[in-house]
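[1] give me coordinates for this.
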Amino acid sequence: MKLDVIGAGAFGTGLAIAYERAGLDVTLWARDAEALRGGQSPRLPGHPLPAGVRVTGDLRDCTAEVALIAIPTQSLAGFVASGGLTARVAVSCAKGIDRASGRGPTALLAGAAPVVAQLTGPSFAADIARGLPTALTIACADAPEGRALQDALSTPTLRLYRTEDVIGAELGGALKNVIAIAAGAVIGKGLGDSARAALVARGFAEMTRYATAKGALAETLTGLSGLGDLVLTCGSTQSRNFRFGQALATGETLPEGTTVEGLHTARQLAASPEDTPIADTVAALADGTLDIDGALSHLLSRPLKPE
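    This is a model prediction of the structure:
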């Protein structure tokens, strides 16, 4: 099977390595293809591209029926507007909410391909590239297309579960990034694992409340794309969002160009009428209207209520 991976960031590179290893004919499109000509990705160091992965900077070389779109959410609208995608099935691998339109990745891709789907769940690019066991969710509103994608994209080390709840899968992947920032701030401030556990539990309640208000199924949030991804990103410094939260608490900065989708999502939620106290606090902390002590005071002073 031919497969195109559009986007050579860490996650796209990890997917290209994994699918070439599984025997697929993989083409990897990169904005700066020359940076990968030596087989080493600057975004995923230590995981060289196999010789079988074709690297290109020309979308005309991407002719597969299925394309995995591993482009950050905030860049998706511009990519779609530029044209050139010819795949019949476009599978978003992005997590987040577009700050300009408030739309999720599949809505942004809807005009670019006849069939769109979302690939999401608890996964670090390095783990996928190393061939470590990983389970993900493939979400597609068209059930037959979803089953076909599940079969085509599952490998001995990459197990896909299927859902038709695209909204729930997308929002699970977007909202958990917000909670990961908050969890990183808790650890960065030195408040301990008990405080992090409480934050994650209340964060999951906030995620579920928001997602179901937007039409998601609650059970989707309890799966890989919600709870599974939340557990992963709130517990590891491999998560950019977690590291960003730590940096907010310690006054450090992440390397320039680091993608922190949870920040954009937090601002989207803070501007919505939904009850999202953790997201509101993350947005205020990141924007400098609250310092870390003020953020903690804001959350801890909320009225006591039943769980």
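
[2] buried residues, the helix or strand hosting D229. List them.
    Taking DSSP states H and E as the criterion, D229 maps to helix 229-233. Judged by neighbour count using 16 or more other Cβ atoms under 10 Å, the buried positions of helix 229-233 are D229, L230, L232, T233. All C-beta spots, glycine's among them, are computed from the backbone N, C-alpha and C.

[3] what residues are up against the second one?
    To tie it back to what came earlier, the one meant is L230. Residues counted as contacts of L230 (Cβ atoms under 8 Å, 6 or more residues apart in numbering) are G172, K176, I179, A180, V200, G203, F204, M207.

[4] how far off centre is stretch 279-296?
    In terms of Cα atoms, centre = their mean, to the nearest Å, the centre of stretch 279-296 is found 23 Å from the chain centre.

[5] what number of residues lie near L171?
    Burial of L171 is recorded as 29 neighbouring residues (other Cβ atoms under 10 Å).

[6] rewinding a little: mean confidence (pLDDT) on the helix holding D229, please.
    Average pLDDT, helix 229-233: 98.

[7] which residues does the helix or strand immediately after that helix in the chain contact?
    Next helix or strand after helix 229-233 toward the C-terminus (DSSP H and E): helix 240-250. Residues from elsewhere that reach helix 240-250 (Cβ under 8 Å, 6+ apart): 177-178, 180-189, 233-237, 252-254, 258-263, 282, 285-286, 292.

[8] if I pick the residue nearest the centre of the chain, what's in contact with it?
    Nearest residue to the geometric centre of the chain (Cα atoms, centre = their mean): K95, 3.1 Å. K95 makes contacts with T73, P105, T120, E170, G173, A174, N177, E261, as judged by Cβ under 8 Å, 6+ apart.

[9] and which of these is nearest G223?
    Nearest to G223 among these is T120, at 10.1 Å by Cβ to Cβ.

[10] who's in contact with the closest residue to that closest one other than its chain neighbours?
    Taking Cβ to Cβ, 6 or more residues apart in numbering, and ignoring the residues beside it in sequence, T120 has G173 as its nearest neighbour in space, at 4.1 Å. Residues near G173 by Cβ under 8 Å, 6+ apart: K95, G96, Q118, T120, G121, S225, D229.

[11] helix or strand for G173, which one?
    Per DSSP H and E: G173 is located in helix 166-188.
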